[in-house]
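>>> My questions are about this predicted structure, shown below with the sequence.
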Amino acid sequence: MTGRRIWAALALVLGVAAIVLAVVAAILRFPDGLTVLACVALALSAAWYGVRRRGAARWLGLTAAALLAAGAVVLVIVEGRVIVDVLIVLCVFGALAAARQAFKVHAALPQAERPSNPVLFYNPLSGGGKAKRFHLADEARRRGIEPIELHRGDDLETLVRNAVAKGADALAMAGGDGSQAVVAMIAAELNLPYACIPAGTRNHFALDLGVDRDDVVGALDAFVRGGERRVDLAEVNGRVFVNNVSLGLYADAVQKPGYREAKMHTLLETVPDVLGPDAKPPDLVWRSPEGDESAVAILVSNNAYRLGHALGSGTRPRLDRAVLGVTVLAPTTVSAARATRKLGMEQWVTPTFEIEASNGIAAGIDGEAARLDPPLRFRILPGALRVRIAPHHPGASPSALEPEKAWQTIQALGGFVLRGGPDDPAPAR
């Protein structure tokens with residue numbers, strides 16, 4: 001029995017166990033369990049009330065949410081079936097972990113010719129100093145890669161172009177995704193191989209490329225005996241990005257001076273401006289088949305993100321589908337008398353996208369603050385980038401094999417058990 005088949009069987013067994021235990025618990029607790037559900041629902045409502053307001057109203061809402069959540073926990077304990085609840089939670093998380101292993105990939109990339117003069121650019125401050133901690137410069141030299149350190153005030157694009165002018169025939173970047181975008185842009189422009197070294201904080205681009213984010217030094221092997229694939233890039237008003245451009249709620253938070261030091265606090269302080277009872281109408285306007293529509297937040301990404309899924313949420317299954325992913329959050333008024341609003345979300349893919357606004361638009365481009373002049377014109381750049389990936393790294397997104405729908409996931413896991421797993425995905429280009 002293959003490893004994929006074993007993990008799929010374990011995921012299905014644990015999933016069934018979680019469902020059976022949940023049904024049994026619901027029957028034994030009826031109608032007492034309804035009180036717990038009521039506490040949870042009220043806690044969520046109180047939390048939503050709080051985050052949309054400031055001052056005393058915020059703390060009143062958040063305090064009420066905490067008390068209601070604590071009340072739900074107390075009721076579960078008083079009912080005396082804590083062990084059953086713990087088992088249900090363990091089965092659910094165990095099933096998800098096993099399913100992730102079942103869908104784990106390792107793409108077979110064609111081995112590429114080793115470059116003669118590869119150059120690594122690295123930011124010593126990124127990721128809490130990962131480059132220094134892992135002795136990245138020394139490891140690069142051992143592999144015949146010239147390291148170039150970024151210093152405060154340096155212009156990365158100028159450094160990269162100067163290196164190319166001196167003969168660099170492959171480019172790597174160890175730093176945040178904003179820096180990755182600069183190096184990737186030049187590599188694509190000059191048709192040079194590029195390697196993403198995961199020395200940033202979150203390394204979203206590395207994750208979706210199939211680079212092992214826990215193996216910073218090993219990523220350098222992309223220029224030693226790595227494979228190559230082509231992926232898309234995207235741009236807005238001529239500026240290249242590798243992940244996404246966020247507009248509205250998150251982008252407003254990124255612009256604030258204290259965002260880097262206190263991200264959650266800054267986001268909470270921004271929510272009332274956008275979703276509070278006194279919020280101004282959204283200034284972002286996009287055109288749909290039904291006409292012009294406004295939004296409080298828009299995310300435009302290089303290929304589409306998978307959002308709201310138990311598996312693979314927040315990742316992009318492919319980076320070579322030649323489409324932009326567009327996600328729009330738009331408020332709708334539920335009760336004008338109570339100033340109550342809720343958010344609706346729409347998602348779709350398109351090769352181009354345009355946004356209008358009356359003034360300059362605050363944006364977060366690959367997590368970095370920017371201000372863009374309208375109209376904003378987005379487009380995908382199909383197959384623009386030659387990416388090198390170390391042979392022992394996955395070479396594909398962790399969600400590359402995961403189906404979109406829950407029932408399709410169950411069906412796929414059953415297929416793994418009965419017929420064994422499929423071949424790992426090969427790159428489309």
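Sure thing, it's come through.
>>> need the longest helix for the protein.
As assigned by DSSP state H, the longest helix anywhere in the chain is helix 3-29.
>>> so where is the protein shaky, pLDDT-wise?
1, 32-33, 79-81, 249-283, 287-291, 331-343, 421-429 (pLDDT under 70).
>>> how many neighbours does residue 156 have?
Using other C-beta atoms under 10 Å, the number of residues around residue 156 comes to 19. For every residue, glycine as well, the C-beta is placed using N, CA and C.
>>> And for the closest residue in space to it that isn't next to it in sequence, the neighbour number?
Leaving aside its chain neighbours, residue 156 sits nearest to residue 182 (4.9 Å; criterion: C-beta to C-beta, 6 or more residues apart in numbering). Residue 182 has 21 neighbours, counted by other C-beta under 10 Å.
>>> Repeat that for residue 211.
With other C-beta under 10 Å as criterion, residue 211 counts 26.
>>> returning to that earlier point: which parts of the longest helix of the chain are buried?
Of the residues in helix 3-29, 4-5, 7-12, 14-15, 17-18, 21-22, 25, 29 count as buried by neighbour count, 16 or more other C-beta atoms under 10 Å.
>>> and of those residues, the nearest to residue 109?
Nearest to residue 109 among the buried residues of helix 3-29 is residue 4, at 19.6 Å by C-beta to C-beta.
>>> Run through the residues that contact that closest one.
By C-beta atoms under 8 Å, 6 or more residues apart in numbering, the contact list for residue 4 reads 102, 104, 416, 420-421.
>>> Looking at these, which is nearest residue 377?
For the contacts of residue 4, the nearest to residue 377 is residue 104 (38.0 Å; C-beta to C-beta).
>>> part of a strand, is that closest one?
No: read with DSSP: H, G, I helix; E, B strand; the rest coil, residue 104 is coil and lies in no strand.
>>> which residues touch it?
4, 7, 394, 398.
>>> could you dump the residues you listed to TSV with distance to residue 66?
Formatted as TSV, the contacts of residue 104 follow (distance: C-beta to C-beta, whole Å):
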residue	distance to residue 66
4	42
7	37
394	40
398	34
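>>> Pull the most distant pair out of the residues you listed.
7 and 394 (15.5 Å).
>>> need the contact list for the most centrally placed residue in the chain.
The centre of the chain sits closest to residue 314, judged by C-alpha atoms, centre = their mean, with a distance of 3.7 Å. Going by C-beta under 8 Å, 6+ apart, residue 314 touches 305-307.
>>> Just the buried ones from the residues you listed, in ChimeraX syntax?
This is the ChimeraX syntax for the buried subset of the contacts of residue 314, where burial follows 16+ other C-beta under 10 Å:
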select :305,306
